[in-house]
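> Here is a sequence with its predicted model. Questions after.
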Amino acid sequence: KAGVTQTPRYLIKTRGQQVTLSCSPISGHRSVSWYQQTPGQGLQFLFEYFSETQRNKGNFPGRFSGRQFSNSRSEMNVSTLELGDSALYLCASSLGAGGGALSEQYFGPGTRLTVT
Amino acid sequence: GQSLEQPSEVTAVEGAIVQINCTYQTSGFYGLSWYQQHDGGAPTFLSYNALDGLEETGRFSSFLSRSDSYGYLLLQELQMKDSASYFCAVRVSGYSTLTFGKGTMLLVSP
């Protein structure tokens, strides 16, 4: 079974631009979560989607948004990019969306975003 | 809010046993997970404890004590390829959302 895929793998953008990142979950997984990883802050939760609905959202400004499609694929968008948005953006999928073992998350390779 | 504490770095030699501790403070608790991340790679799921006790998966074991808000990851027969960052993470709600610790960098030397 193929793992979580993310595109693009690397991206360089300029301050003020916007960016869209894409994530395809493992086949059959209906929950997709997004995380931002930086050396200073570590892994921080952005949002979680299940069946096209945002179930949970982390403490990030409104410039960060996302959505999930009917085939469970997900996109996240960052508008008006800032230098501090430079990070590795990780997508994770899970079979379930509750609190049990079925909710264990499997991560994709990430998109490395550099804002100049 | 939630907070997790784990050592920033641990060093060991090949063949040894190492334990990485994790203490947490959360407003709710649905389980403790451990992830491994090699430099530049994706976090890889290692183990999950929802109940007190020890879970064993090959060379790796994970322990949880809910009353002490404490868990650890035990790595046995260390190999050079085990050099990586290890993260503990808690699930504090009925969602899949994980709150991660800052990570422990494990350096295995010959």
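Thanks, I have the structure now. Residues are numbered from 1 along each chain as shown, chains lettered A, B, ... in the order given.
> what's around residue A:44, how many residues?
16 (other C-beta atoms under 10 Å in any protein chain shown). C-betas here are computed from N, CA, C, even on glycine.
> Relative to the whole chain's centre, how far out is the helix or strand where it lies?
Residue A:44 is located in strand A:42-50, with elements delineated by DSSP states H and E. Centre-to-centre, strand A:42-50 and its host chain are 7 Å apart (C-alpha atoms, centre = their mean, to the nearest Å).
> Name every strand pairing with that strand and say which way it goes.
Note on strand A:42-50: by DSSP bridges, its sheet partners are strand A:31-38 (antiparallel), strand A:53-57 (antiparallel).
> Flag every buried residue along the first one.
Looking back up the chat, that one is strand A:31-38. By neighbour count on 16 or more other C-beta atoms under 10 Å in any protein chain shown, the buried set for strand A:31-38 is A:31, A:32, A:33, A:34, A:35, A:36, A:37.
> burial count for residue A:112?
Residue A:112 has 16 nearby residues by other C-beta under 10 Å.
> I'd assumed residue A:12 was in contact with it.
No: the pair residue A:112 / residue A:12 is not scored as a contact, 9.2 Å apart, by C-beta atoms under 8 Å.
> List the beta-bridge partners for the most centrally placed residue in chain A.
In chain A, the C-alpha nearest the mean C-alpha coordinate belongs to residue A:34, at 2.8 Å (C-alpha atoms, centre = their mean). Residues in a beta bridge with residue A:34, per DSSP bridges, are residue A:47, residue A:91.
> Now do the contacts for it.
Residue A:34 makes contact with A:23, A:45, A:46, A:47, A:48, A:66, A:74, A:76, A:89, A:90, A:91, A:92, according to C-beta atoms under 8 Å, 6 or more residues apart in numbering or on different chains.
> Could you check how many residues crowd around the second one?
Each residue near residue A:45 was counted by other C-beta under 10 Å, and the total is 22.
> residues in contact with it?
Applying C-beta under 8 Å, 6+ apart, the residues contacting residue A:45 are A:33, A:34, A:35, A:56, A:58, B:97, B:98, B:99.
> so the nearest residue to residue B:74 once chain neighbours are set aside is in which element?
In space, not counting the residues next to it along the chain, residue B:74 is nearest to residue B:61; the distance is 4.3 Å by C-beta to C-beta, 6 or more residues apart in numbering or on different chains. Residue B:61 belongs to strand B:60-65 when assigned by DSSP H and E.
> Packing partners of that strand?
strand B:31-37, strand B:44-49, strand B:53-57, strand B:70-75 (3 or more C-beta pairs under 8 Å, 6 or more residues apart in numbering or on different chains; DSSP states H and E).
> Name the stretch among the ones you listed that sits most buried.
Highest mean neighbour count of the helices and strands packed on strand B:60-65: strand B:31-37, a mean of 23 (counted as mean count of other C-beta atoms under 10 Å in any protein chain shown).
> Would you mind listing where chain B has pLDDT under the threshold?
For chain B, the stretches with pLDDT under 70 are B:1, B:94.
> for chain A, what are the nearby residues on it?
B:30-31, B:33, B:35, B:41-45, B:48, B:50, B:87, B:89, B:91, B:93-103 (C-beta under 8 Å from any C-beta of the partner chain).
> Try it again at 6 Å.
Contacts of chain B with chain A, taken as C-beta under 6 Å from any C-beta of the partner chain, map to B:30, B:42, B:43, B:45, B:48, B:94, B:95, B:96, B:97, B:100, B:102.
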